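Engineer: Provide a 3D model corresponding to the input given below.
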Amino acid sequence: MGSTTHMGDLQMGSVHMGEVIEASHRRVSRLGVDPARSEVPWVGEPTPEEDDLTELVRPLLDHLHSQFRDCPIGVVMADSSGRVTHRSGGTGEILGSMDACGVDVGYSLAERDAGTTGVGTCLETNRPTVVVGEDHYLEMFRPFTCVNSPIVDPISSAVRGTIGIMCPVGETNPLLLPMTTTVAWEMAHIILERATPAERILVEEFLRSRTSAESPVLTVNADVLIAGPAAQRLLSGVDHRTLWEHVSAAIGRGGDQITELTRDSLPPVGLRCRPLHRGAELQGAVVELVPAGRRARRSRREPRLPGMVGSSERWRAVVTDAQRAALSREPLLITGERGSGRLTLARAVAALSGEPGAPVADCGAVAHLGARKWLRQLERDLESEVTVVLRNVELLPDRMAAAVAGMIEQRPAGTRIIATSGTTDPSGTGAAMLQDLLSVLRIRIPPLRHRRSDIVEISRHLLAGMGHTHVPRSLTDVLRRQPWPGNVRELEAVLRATVDRAGARPLELAHLPPRVDRNPTRRPLHGLEQREADDILEALRTTGGNKVRAARLLGISRATLYRRIDAFDLHLG
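Structural biologist: The predicted model follows:
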């Protein structure tokens, strides 16, 4: 069967979605579902005990309904079994069509009852799903497009149900998929808001720990288990109760020892457990899964990355994180100031993963190429099942960010995303959803002024690429004392200008371009001083140089602000 609307028009991976539809048809055929079936079964309205989620998100459903008033679009919510728990429509016509297909509260749209549909296939795959026209298995659904996203409980990671859109094929719109994924994401946040203090602690610690741990991690207590896909695979066959018994026993023994957990017909896995307390009360534990019998070892080799240099403590931490990330296929988000080397680091991680030629999709090119052309190119990249570098994601408009999030959720299993961003503060719901997807692993590149000890090594590395192997100390001493707001990119531009001015002569201090202060009076700032100076400059920029408002923003007196400006020589002129 072929769809009447190309999947690319819905900003999804067409090849991948086609595979999902074909797999669903095979499942439904094995179940003996008749394509000519003209009704779906009534399974009974859910009781309040069976379905507390619909009422919990009722305000969000009402808002969604208001967005489609007078539009031939229906909203459908179902529980984890496929039973419809809510439906609404923008017109009487779409409600009549939904009635004719049995899309109403209490009816089942599970694959075994309704064949390939947005609801049933979404619940089978636990992924956002688009079913267009002829892709439906039952003939009565073929005049329609159904777009659904799973509602995932952020506490238990269980799929609580699905939220979706149903409309005539002719009303198919590329924004339907990002809209449903955004609504599902908002529902997950509503669920999280009702969490107990212990559950919140487990969620927060899981999100914090998984970005920094070398191995898969989980958080657990007697009632809740939160684990990513890698941890779930390692614990396949181990029930929650058994795991908590091992973890709580390890916590009781104290220390940083690794306890071994045996698995049926599989080698044991090591558990390194850290207790989580709220006051004096134990709330649960963070557990890192490691090979049984392993002990922490510190490598004596200096860590390196392709095309990047540095030996400061801050840079070594970046390199270590990058090398760990290269061993994973989880999404990675690299953040840092402009010119800090985000793209270079992304390419280095891809190279360490064995993919030195990873394609780069620059979000800054959307304005030049147009949204549709840029999204189609990204779609092709994502279908290639290689590492794809998504550059400058902070430049995406919010709706585009939501669309990209939907595409990333639908990417083939072999495609890995490495993204770069100049900010960690998303500007809207779509951007926040995209950042959540990309932040499974995260690396922040420190600005060059926070690792001044690397400036000489970086300068020599860059100049060697320009044909200069000797760099006089008089030159590097001046370079180390510059503020470098443009980071490594600015340093490289200065060095290129210096080489150009020197011509065939050896480099000298006099060859520095005029914009570089050869006799900087400001002493180099380090550590907390530099961070405090950064905060002051940011406050002054935010307030347009108004020192009274800047002092208030920083929470200090105006006299203290003046003293710190003098001490750090931050006079902007």
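Engineer: for the helix or strand where Trp244 lies, buried residues please.
Structural biologist: Applying DSSP states H and E as the criterion places Trp244 in helix 240-253. Buried residues in helix 240-253, defined by neighbour count with 16 or more other CB atoms under 10 Å: Leu243, Trp244, His246, Val247, Ser248, Ala250, Ile251. To be clear about C-beta, it is placed using only N, CA and C from the backbone, and glycine gets the same treatment.
Engineer: do you know how far Thr344 is from Asp153?
Structural biologist: To Asp153, Thr344 is 39 Å away according to CB to CB, to the nearest Å.
Engineer: what of Ile258?
Structural biologist: Between Ile258 and Asp153 the computed distance is 30 Å (CB to CB).
Engineer: tell me which residue lies nearest the centroid of the chain.
Structural biologist: When CA atoms, centre = their mean is applied to the chain, the residue found nearest the centroid is Leu438 (1.9 Å).
Engineer: that residue reaches Glu330, doesn't it?
Structural biologist: No - in this structure Leu438 lies outside contact range of Glu330 using CB atoms under 8 Å: 9.8 Å.
Engineer: skipping adjacent residues, who's closest to Leu509 in space?
Structural biologist: In this structure, Leu509 finds its nearest non-sequential neighbour in Ser474, 4.6 Å apart by CB to CB, 6 or more residues apart in numbering.
Engineer: re earlier: residues in contact with the residue nearest to the centre of the chain?
Structural biologist: Pro331, Leu332, Leu333, Leu390, Val393, Ile408, Ile417, Ala419 (CB atoms under 8 Å, 6 or more residues apart in numbering).
Engineer: for Val84, helix, strand, or coil?
Structural biologist: Three-state call for Val84 (DSSP: H, G, I helix; E, B strand; the rest coil): strand.
Engineer: the one 4 residues further on now?
Structural biologist: For Ser88, the secondary structure call by three-state DSSP comes out as strand.
Engineer: what's around it, how many residues?
Structural biologist: Using other CB atoms under 10 Å, Ser88 is surrounded by 19 other residues.
Engineer: what residues are bridge-paired with it?
Structural biologist: Judged by DSSP bridges, the bridge partners of Ser88 are Val75.
Engineer: wait, it touches His65, no?
Structural biologist: Yes - in this structure, Ser88 is within contact of His65 by CB under 8 Å, at 4.4 Å.
Engineer: ranges for the strands of the stretch 1-150 of the chain?
Structural biologist: 74-79, 84-89, 129-132, 144-152 (DSSP state E, counting those that start in this stretch).
Engineer: the longest one pairs with which strands?
Structural biologist: According to DSSP bridges, strand 144-152 has the following sheet partners: strand 129-132 (antiparallel), strand 159-168 (antiparallel).
Engineer: tell me which of those sits nearest to Ala350.
Structural biologist: strand 129-132 (29.4 Å; CB to CB).
Engineer: need the three-state assignment for the residue of the chain positioned farthest from its centre.
Structural biologist: Distance from the C-alpha centroid of the chain peaks at Arg505, with 49.1 Å (CA atoms, centre = their mean). Following three-state DSSP, Arg505 is assigned to coil.
Engineer: could you do Leu345 as well?
Structural biologist: Using three-state DSSP, the structure places Leu345 in helix.
Engineer: check contacts around Asn126.
Structural biologist: Per CB under 8 Å, 6+ apart, neighbours of Asn126: Pro150, Val152, Val159.
Engineer: of those residues, which is the nearest to Thr180?
Structural biologist: In terms of CB to CB, no member of the contacts of Asn126 lies closer to Thr180 than Pro150, at 9.8 Å.
Engineer: span of stretch 108-116 from start to end?
Structural biologist: End-to-end distance for stretch 108-116, by CA to CA, to the nearest Å: 12 Å.
Engineer: residues making contact with that stretch?
Structural biologist: Contact with stretch 108-116 is made by 21, 24-25, 27-28, 31, 33, 35, 37, 40-43, 76, 78, 81-84, 102-103, 117, 119-121, 123-124, 131, 135-138, 141, as judged by CB under 8 Å, 6+ apart.
Engineer: now the element after the helix or strand of the chain with the lowest mean pLDDT, going C-ward?
Structural biologist: Lowest by mean pLDDT, DSSP states H and E among the helices and strands of the chain is helix 527-542, with a mean of 70. For helix 527-542, the following helix or strand on the C-terminal side (DSSP H and E) is helix 547-554.
Engineer: and that next one, what does it pack against?
Structural biologist: Using 3 or more CB pairs under 8 Å, 6 or more residues apart in numbering; DSSP states H and E as the contact test, the elements touching helix 547-554 are helix 527-542, helix 558-568.
Engineer: between the contacts of Asn126, which has the most around it?
Structural biologist: Within the contacts of Asn126, neighbour counts (other CB under 10 Å) peak at Pro150, which reaches 25 neighbours.
Engineer: so that residue makes contact with Leu123?
Structural biologist: Yes - if you go by CB under 8 Å, Pro150 and Leu123 touch, sitting 7.1 Å apart.
Engineer: which neighbours do the two have in common?
Structural biologist: In contact with both Pro150 and Leu123: Val159, Gly161, Thr162, using CB under 8 Å, 6+ apart.
Engineer: which element is Thr420 on?
Structural biologist: According to DSSP H and E, Thr420 maps onto strand 416-421.
Engineer: what is the closest residue to Val238 other than its chain neighbours paired to in the beta sheet?
Structural biologist: Computed as CB to CB, 6+ apart, the closest residue to Val238 that is not its neighbour in sequence is Arg263, at 6.1 Å. With DSSP bridges as the criterion, Arg263 is bridged to Leu266.
Engineer: what is the neighbour count of Arg263?
Structural biologist: Arg263 has 14 neighbouring residues, counting by other CB under 10 Å.
Engineer: mind checking how far it is from Ala325?
Structural biologist: Distance, Arg263 to Ala325, using CB to CB: 27 Å.
Engineer: do the same with Pro514
Structural biologist: From Pro514 across to Ala325, the span is 41 Å (CB to CB).
Engineer: which stretches of this structure have low pLDDT?
Structural biologist: Where the chain drops to pLDDT under 70, the residues are 1-17, 210-214, 255-257, 264-266, 292-303, 519-531, 534, 541, 568-573.
Engineer: tell me the SS of Val318?
Structural biologist: At Val318 the chain is in helix, as set by three-state DSSP.
Engineer: pretty sure it sits against Arg442.
Structural biologist: No - using CB under 8 Å, Val318 is not in contact with Arg442, being 11.4 Å away.
Engineer: follow-up on the earlier one: overlap in contacts, Ser88 and His65.
Structural biologist: Here Ser88 and His65 share the contacting residues Val75, scored by CB under 8 Å, 6+ apart.
Engineer: so which of the contacts of Leu438 wins on neighbours?
Structural biologist: When neighbours are counted by other CB under 10 Å, Leu332 leads these with 30 neighbours.
Engineer: and it, what is it in contact with?
Structural biologist: Counting by CB under 8 Å, 6+ apart, Leu332 touches Ala325, Ala346, Val349, Arg416, Ile417, Ile418, Ala419, Leu438, Val440, Leu441, Arg442, Ile443.
Engineer: how about a cut-off of 10 Å?
Structural biologist: With contacts defined as CB atoms under 10 Å, 6 or more residues apart in numbering, Leu332 is in contact with 211, 321-322, 324-326, 345-346, 349-350, 353, 387, 389, 416-420, 438-443.
Engineer: Ser80 now?
Structural biologist: By CB under 10 Å, 6+ apart, the residues touching Ser80 are Asp51, Leu53, Ala110, Leu123, Pro150, Ile151, Asp153, Ala158, Val159, Arg160, Gly161, Thr162.
Engineer: what about the residue nearest to Leu509, distance to Arg518?
Structural biologist: Distance from Ser474 to Arg518, counting by CB to CB: 9 Å.
Engineer: mutual contacts of those two, please.
Structural biologist: Shared contacts of Ser474 and Arg518, defined by CB under 10 Å, 6+ apart, are found at Leu509, Ala510, Leu512.
Engineer: distance to Thr543 and secondary structure added to the residues you listed, as JSON lines?
Structural biologist: Below are the shared contacts of Ser474 and Arg518 laid out as JSON lines (distance: CB to CB, whole Å; DSSP: H, G, I helix; E, B strand; the rest coil):
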{"residue": "Leu509", "distance to Thr543": "37", "secondary structure": "helix"}
{"residue": "Ala510", "distance to Thr543": "39", "secondary structure": "helix"}
{"residue": "Leu512", "distance to Thr543": "33", "secondary structure": "coil"}
